[in-house]
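> Fold the following and give me the result.
(2 chains)
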Number of protein chains: 2
Amino acid sequence: MTRTAEGRYQAEAFPDWDIFGVTNGGYLLATAARAMAGEAEGRTLASIGSRFINPARPGPLSISVERLKVGRTLSVLRATVTAADRPILISDASFAEGSPDPIESVLVDGSPPDLPPVESCVRLEPADDSPLPPPFSGQVEIYLHPEDLVYFGEEISRVPLIRGWFRLLDRELLDPIGLVLASDAFPPAVFNSGLPVGWTPTIDLTVHIREPGPHEWLRCRLSTRFVTGGWLEEDGEFWDVNGRLVSQSRQLALLAR
Amino acid sequence: MTRTAEGRYQAEAFPDWDIFGVTNGGYLLATAARAMAGEAEGRTLASIGSRFINPARPGPLSISVERLKVGRTLSVLRATVTAADRPILISDASFAEGSPDPIESVLVDGSPPDLPPVESCVRLEPADDSPLPPPFSGQVEIYLHPEDLVYFGEEISRVPLIRGWFRLLDRELLDPIGLVLASDAFPPAVFNSGLPVGWTPTIDLTVHIREPGPHEWLRCRLSTRFVTGGWLEEDGEFWDVNGRLVSQSRQLALLAR
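From the prediction side, this is the model:
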């Protein structure tokens, strides 16, 4: 990514980060997050929202960033991502000066997903002869719980739940922007429910960063509780290996037809 | 609200819609939603996101709306709310042409909160001699589950859960904009957890509309699962009297000090 002027960035949607030919949403949102971070004066991403407007394909991206507030402890920024003057996504984010409060975890009603060790899980890898798993899945390391083997087909759980391990290639450590990428990297949990499988476009995606890291392995749980009127939400929880919640995500998506 | 030009609106944050002197966030977001609806050519609000920038006090508000996409079935709009040129909140929304798909509820993993009849619940009413319950609570009808009697104190559940009934005054029916208002109308669920009670500023708030209505009574459940590093999320589920999910909300907020 290149900063061409104050609040102006040029980036590239690389090939092989796609699903059904459309660039992955988490990858695009991480691009927007990185541009906003470039204008956040060293503050740490705490929360990011987004709304997807048009599908992106590989090629150049322009990101414009507005700084709307620089407060004592929080900054608010807004980004617009375009490709050839076509809007792709809008995003907004809050960046925090350190941790907003030294209070540690005071209430935790939940626990990491129960996962077998990485070596007993199944790596998600792009298929040569099928659109799924998508090319994108080769750009990260995702190991699925053997009970949640979406795409592998024989024993689909019929529960819209996906659990698995996530890390970056080459053991690159995850910062908050990596956590944004992780939030939309797994197959849609709804693929495990017996409903139609196909392109599941994200309408909006919000990620809350609870532990900025750096992290290596994440233990991840994605689930959908409601599919109504063609809409579905997907909630993600991402935990570190010490059992601490590092981020939460929610997206609204359209059910594949 | 007055439309002064294409995409330009003037509104007023009325007194008595506040908590600790700060105008309620759901009320402000509903104002942004109404302005965006004014530019959405009759389409129906399906999803709205927001980020709060500065607290608002009673007085004039300006809302500017950009229409970013008008697609075959979905439109995307963005709003900026300012008071005396100070940014208050930014918001973005997707509006749908009818329902995006005639598929009915195909997956529902959840149920309405178990609530006694309205007459066995306790109405939340503004206190004369205390900032809580806030003036805002007199502008709507909220009846709390007797087991979740935040503010009333004697038998606090110590579980960050609030269940109750909601409707508008004078039995005005709820449209999607009313559902946005409802999403931030209850006391924070965290008030029931034994943690400090006070102003709990919303950082971001997203609402997904599943059944646009009109609705009269809503059965509501708000809960917080994680309070870490001074942050907390609050998830809301809103159901109609026929047991259908009408909306979901999530917000990130700061724990009161």
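> Not counting sequence-adjacent ones, nearest residue to A:Leu205?
Leaving aside its chain neighbours, A:Leu205 sits nearest to A:Gln251 (4.2 Å; criterion: CB to CB, 6 or more residues apart in numbering or on different chains). Placement of C-beta: from N, CA and C, glycine included.
> Now stretch A:108-123: buried residues?
Residues of stretch A:108-123 classed as buried: A:Pro112, A:Pro113, A:Leu115, A:Cys121, A:Val122 (neighbour count, 16 or more other CB atoms under 10 Å in any protein chain shown).
> ok, of those residues, which one's closest to B:Ala40?
Proximity of the buried residues of stretch A:108-123 to B:Ala40 was ranked by CB to CB; the top entry is A:Pro113 with 39.2 Å.
> would you say the closest one is within a helix?
No. Using DSSP: H, G, I helix; E, B strand; the rest coil, the assignment for A:Pro113 is coil, not a helix.
> OK, contacts around it?
A:His145, A:Arg163, A:Arg219, A:Cys220, A:Arg221, A:Glu237, A:Trp239 (CB atoms under 8 Å, 6 or more residues apart in numbering or on different chains).
> Among those residues, which are located in strands?
A:Arg163, A:Arg219, A:Cys220, A:Arg221, A:Glu237, A:Trp239 (DSSP state E).
> quick check, A:His199 in a helix?
Careful, residue A:199 is Trp; it's not His. No. Remark: A:Trp199 does not belong to a helix; assigned using three-state DSSP, it is coil.
> Find the residue closest to it in space, skipping its chain neighbours.
Going by CB to CB, 6+ apart, A:Trp199 has A:Phe20 as its nearest residue, at 4.5 Å.
> What of A:Pro135?
A:Asp16 (4.4 Å).
> can I assume the one you found is in contact with A:Gln139?
Yes. Using CB atoms under 8 Å, A:Asp16 is in contact with A:Gln139, at 6.4 Å.
> quick one on the thing from earlier: beta partners of the residue nearest to A:Leu205?
Taking DSSP bridges as the rule, A:Gln251 bridges to A:Leu205, A:Glu234.
> Just checking: what are the partner strands of the lowest-mean-pLDDT helix or strand in chain A?
Ranked by mean pLDDT, DSSP states H and E, the weakest helix or strand in chain A is strand A:18-19, scoring a mean of 86. In the sheet, strand A:18-19 lines up against strand A:22-23 (antiparallel) (DSSP bridges).
> Helix or strand next in line after the strand it pairs with, which one?
Following strand A:22-23 in sequence order, the next helix or strand is helix A:25-37 (DSSP states H and E).
> Can you pull out the low-pLDDT segments for the stretch 1-150 of chain A?
Applying pLDDT under 70 to the stretch 1-150 of chain A flags the ranges A:99-105.
> Distance-wise, check A:Ala35 relative to chain B.
As defined by CB to the nearest CB, to the nearest Å, A:Ala35 lies at a distance of 16 Å from chain B.
> now do A:Ser120
Relative to chain B, and taking CB to the nearest CB, A:Ser120 is found at 27 Å.
> surely that residue meets A:Pro146?
Yes. Judged on CB under 8 Å, A:Ser120 makes contact with A:Pro146 at a distance of 7.0 Å.
> A:Leu205 contacts A:Gly25, correct?
Yes. The pair A:Leu205 / A:Gly25 is scored as a contact, 6.2 Å apart, by CB under 8 Å.
> between these two, what contacts are shared?
A:Ser50, A:Phe52, A:Asp184, A:Gln251.
> so the first one bridges to which residues?
Yep, that's A:Ser50 we're talking about. A:Ser91.
> check contacts around A:Val197.
Counted by CB under 8 Å, 6+ apart, A:Val197 has contacts A:Leu132, A:Phe191, A:Ala256.
> Dump the buried residues of stretch A:108-123 into JSON lines; add distance to A:Val246 as well.
Shown next, in JSON lines, are the buried residues of stretch A:108-123 (distance: CB to CB, whole Å):
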{"residue": "A:Pro112", "distance to A:Val246": "10"}
{"residue": "A:Pro113", "distance to A:Val246": "13"}
{"residue": "A:Leu115", "distance to A:Val246": "15"}
{"residue": "A:Cys121", "distance to A:Val246": "19"}
{"residue": "A:Val122", "distance to A:Val246": "23"}
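> which one of these is nearest B:Leu68?
Distance to B:Leu68 across the buried residues of stretch A:108-123 (CB to CB) is lowest for A:Pro113, with 36.4 Å.
> Close to chain B: what parts of the stretch 101-250 of chain A are there?
Contact residues (CB under 8 Å from any CB of the partner chain) of the stretch 101-250 of chain A with chain B: A:101-110, A:160, A:190, A:193, A:195, A:203-204, A:206, A:208, A:210-211, A:224-233, A:244-245, A:248, A:250.
> State the number of residues packed around A:Phe136.
Close neighbours of A:Phe136, defined as other CB atoms under 10 Å in any protein chain shown, add up to 21.
> Now it, what are its backbone angles?
phi -50, psi -40 (degrees, to the nearest 10).
> does it really touch A:Phe20, like I thought?
No. Under the criterion of CB under 8 Å, A:Phe136 is not in contact with A:Phe20, lying 10.1 Å apart.
> Please determine how far A:His145 is located from A:Leu115.
Per CB to CB, to the nearest Å, A:His145 is found 6 Å from A:Leu115.
> Mutual contacts of these two, please.
A:Cys121, A:Arg163, A:Gly164.
> Now the last one. Nearest residue, chain neighbours left out?
Of all residues beyond its chain neighbours, the one nearest A:Gly164 is A:Leu144 (4.3 Å), with distances taken as CB to CB, 6+ apart.
> Please apply the same query to A:Leu254.
The shortest distance from A:Leu254 to any non-neighbouring residue, by CB to CB, 6+ apart, is to A:Pro201 (5.1 Å).
> that older thread, quick check on A:Asp16 and A:Gln139: which one has the bigger neighbour count.
Regarding A:Asp16 and A:Gln139, a neighbour count based on other CB under 10 Å identifies A:Gln139 as having more, with 19 against 13.
> From A:Val246, how far out is the more buried one?
The value you get for A:Gln139 to A:Val246, if CB to CB is used, is 20 Å.
> same thing with A:Asp114?
17 Å.
> do A:Thr200 as well
Taken as CB to CB, the span from A:Thr200 to A:Val246 is 24 Å.
> now swap in A:Leu169 and tell me
Per CB to CB, A:Leu169 is found 19 Å from A:Val246.
> Among these two, which residue is more densely surrounded?
A direct count of neighbours by other CB under 10 Å for A:Leu169 and A:Val246 places A:Val246 higher, at 24 against 9.
> what about that one, which SS state?
Here A:Val246 is strand, with the state taken from three-state DSSP.
> residue contacts, it?
Contacts of A:Val246 (CB under 8 Å, 6+ apart): A:Leu179, A:Ile209, A:Arg210, A:Glu211, A:Gly213, A:His215, A:Leu218, A:Phe238, A:Trp239, A:Asp240.
> Contacts only, for the second one.
Counting by CB under 8 Å, 6+ apart, A:Ile209 makes contact with A:Thr44, A:Leu45, A:Ala46, A:Ser47, A:Ile48, A:Pro176, A:Leu179, A:Val246, A:Ser247.
> Backbone dihedrals for A:Val140, please?
Here A:Val140 shows phi and psi, under degrees, to the nearest 10, equal to phi -140, psi 170.
> And A:Leu89, by the same measure?
According to degrees, to the nearest 10, A:Leu89 has phi -160, psi 150.
> Report how many residues lie close to it.
Counted with other CB under 10 Å, residues neighbouring A:Leu89 total 28.
> Kindly provide the distance from the spatially most central residue of chain A to chain B.
For chain A, the residue nearest the mean C-alpha position is A:Ser183 (2.5 Å; CA atoms, centre = their mean). According to CB to the nearest CB, A:Ser183 and chain B sit 13 Å apart.
> Got the confidence number for that residue?
We have a pLDDT of 98 for A:Ser183.
> and the host helix or strand of A:Ser249, what's its mean pLDDT?
Element membership for A:Ser249 (DSSP H and E) is strand A:245-254. Mean pLDDT, taken over the full extent of strand A:245-254, equals 97.
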